[in-house]
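S.K.: Sequence plus the predicted model coming up.
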Amino acid sequence: MKRITILTGHYGSGKSEIAVNLAIQENLNCLIDLDIINPYFRSRSVRGLLESNGVELIESTIENAAGSDLPFISSKGSRPFVNRDLSAVYDLGGTKHGAKVMMQFRDFIKYPEDIDFLVVVNIYRPETDRANKIIKMIEELEASSQIRVTGLINNSNLMEYTDESMIEAGEQIIQEASQLTGVPIVYTFIEEHLKTTKTFAGENIILTRHLAKKWL
Amino acid sequence: MAKVLMKGNEAMALAAIKGGCDAFFGYPITPQNEIPEYLSYHMEENNRIFVQAESEVAAINMVYGAAGSGARVLTSSSSPGIALKQEGISYIVGSELPCVIINVMRGGPGLGGIQPSQGDYNQITRGGGNGDYHLIAFAPETLQETVDVVKESFDLADYYRNPVMIAVDGLIGQMMEPVDMDKEIPQKDLPAKTWAATGESGKRGSRNKIVSLHLDPYDLEKHNLKLKEKYDKMVENEQRYEMISIEDAEVVIVAYGSMARIARSAVKALREEGVKVGIIRPITIWPFPEKAFENLPESVHTLLTLEMSLGQMHQDVKIVNQGRYNLAFYGRAGGVVPETDEIIEQVRKYVGGNK
């Protein structure tokens, strides 16, 4: 994995759960929550969990105002771009509007070779259920962030109803988008409850849900 | 049918399109913004109308006008925005026009906060606007139920010529859940809207007028009594609720929306220990499901109302209880969502208690 991973995609594609999982499982130095789109279920809501795992949380609200939805971005968010000792995952808000936030960091990006800009795709989200829609989204995200997408993540799931065939169906459609764009699938995330022995495209990572409440 | 993964607000917006919504008028407010955002492009794709109004007051009056022309109309907002719409809602009821209103509730009073709440119960069930009026108000618990009632609401609104509100707390608007968007829902046989002001009076020979002004008190009382008949019919026919693990329950929780989801997880844990607890889950908060309280088993001694507000629905539970059972209440407010363990602790206070 590269030193910096930036996650983007449609809202509800699973970016925040993936960001928290990557930060904890890969022992990253920081998680930068740049979600200015969602008011709830953001990675900043698990500050305690991140900190107890040694991950510094940098969030996009004014400190101690997690209940606000003001689009404020901490300048601390640029640190991993200039300091090569820091590993980080960036969790962007959904859609092209959420990705636009990256624009302000453009001048800080000194080492583009250190960065993976990944699009999270769940084909069970109607806005990304076909290869042509995924490709259109990649183009929109690149245009608004001014960064080239370097990889795709297959996160096709129906939460607790997910089975292996759904991940395979996702892989098929995302593979089609991958072939047409030349952007590879770099990860497949697999719901924790699925005890599968199959291997899927890219690196396979077990996803633990940290943001969804027990009773949801 | 095939399920898809949807966010609550987005699912409600799509359900409105599937329910035959012709026009949407609204003004943004957190935590319901995905509804207008989604409709801002999908309504046009479906040759329907989307307008972002200059304010909530403008939006509800656009709803009033469009409903008067016979269109199926939707508006959506969150608590303080719904408060701004109350005058228009009263006019729409007074003029006997159908429309659907989605309220994704957040903490109040005033601007309050943006976290989830059920604090609009009184505003919804007692009416924030003037005069004797009521709305059918659904308070669904899952995204599937939410989608189904949104679709059905357009029919119900037309059937009664009255607004229908979908009242969910912010969590339901913001959460993700698999949904079958094409599940069959009950449909009503609806007469043509011969009352609509369509601009075709020349063809028809008489002019339809949409008014809520009745200067003659006897005339207005007659109108009030006619509306009352309609409300009585709603009370008779539209009470909806779910009874969960009631058969041998000692303590019965009364909870709706996200609170019912939390209560469900508490009941599951308590039942595993043998604690006899059940849930009455109102699906409509108006009409309040009085029928659910009619034939409770002998084992019941306490009703425990749970709300993400401070005792609003509890007043309705008191009215329907008529002194039969011990009453208890627990609520959190301001956007604080209780955890399952908190609810378990509350229930434990009352199990084994005296009848």
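M.R.: Sure, I can see it. Numbering: from 1, shown residues only, chains lettered A, B, ... in the order given.
S.K.: CA atoms for contacts and neighbours, from now on please.
M.R.: Noted.
S.K.: Show me what counts as buried in the strand or helix carrying residue B:80.
M.R.: Residue B:80 is part of helix B:79-84 when elements are defined by DSSP states H and E. Residues of helix B:79-84 classed as buried: B:79-84 (neighbour count, 16 or more other CA atoms under 10 Å in any protein chain shown).
S.K.: neighbours around the residue nearest to residue B:321 when sequence neighbours are not counted, how many?
M.R.: Leaving out its chain neighbours, the residue that sits closest to residue B:321 by CA to CA, 6 or more residues apart in numbering or on different chains is residue B:293, at 7.5 Å. Per other CA atoms under 10 Å in any protein chain shown, the neighbour tally for residue B:293 reads 14.
S.K.: ok, now residue A:136?
M.R.: Residue A:136: 12 neighbours (other CA under 10 Å).
S.K.: and the host helix or strand of it, which residues are buried?
M.R.: Using DSSP H and E, residue A:136 sits in helix A:131-145. Residues of helix A:131-145 classed as buried: A:131, A:134-135, A:137-138, A:140-142, A:144-145 (neighbour count, 16+ other CA under 10 Å).
S.K.: is the helix of greatest length in chain A up against chain B anywhere?
M.R.: Ranked by number of residues, the top helix in chain A under DSSP state H is helix A:164-181. No - judged by CA under 8 Å from any CA of the partner chain, helix A:164-181 stays clear of chain B, getting no closer than 11.3 Å.
S.K.: picking up where we left off before, just how off-centre is the helix holding residue A:136 within its chain?
M.R.: Taking CA atoms, centre = their mean, to the nearest Å, the mean C-alpha location of helix A:131-145 is offset from the chain mean by 15 Å.
S.K.: How about the next helix-or-strand element following it and chain B, touching?
M.R.: Proceeding C-terminally, helix A:131-145 gives way to strand A:151-154 as the next helix or strand, assigned by DSSP H and E. No - using CA under 8 Å from any CA, strand A:151-154 stays clear of chain B, with a minimum separation of 14.5 Å.
S.K.: thinking again about what came up before, give me the helices and strands touching the helix holding residue A:136, please.
M.R.: With contacts taken as 3 or more CA pairs under 8 Å, 6 or more residues apart in numbering or on different chains; DSSP states H and E, helix A:131-145 sits against strand A:4-9, helix A:95-99, helix A:164-181.
S.K.: From the rest of the structure, what touches the second one?
M.R.: With CA atoms under 8 Å, 6 or more residues apart in numbering or on different chains as the contact definition, helix A:95-99 has outside contacts at A:8-11, A:34-37, A:92-93, A:137, A:140-141, A:144-145.
S.K.: mind checking how far that helix is from the chain centre?
M.R.: Computed by CA atoms, centre = their mean, the chain-centroid distance of helix A:95-99 equals 12 Å.
S.K.: How about stretch B:216-224?
M.R.: For stretch B:216-224, the distance to the chain centre is 29 Å (CA atoms, centre = their mean).
S.K.: Would you indicate which residues of it are buried?
M.R.: Under the neighbour-count criterion of 16+ other CA under 10 Å, stretch B:216-224 has B:223-224 buried.
S.K.: Kindly export that stretch (C-alpha atoms) in CSV.
M.R.: C-alpha atoms of stretch B:216-224 as CSV (Å, rounded to 0.1, in the frame of the first residue of the first chain):
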residue,chain,number,x,y,z
ASP,B,216,-70.2,32.9,7.5
PRO,B,217,-69.7,31.1,10.9
TYR,B,218,-72.4,28.6,10.2
ASP,B,219,-70.9,27.9,6.8
LEU,B,220,-67.5,27.5,8.4
GLU,B,221,-68.9,25.2,11.2
LYS,B,222,-70.4,23.0,8.5
HIS,B,223,-67.0,22.9,6.8
ASN,B,224,-65.4,22.0,10.1
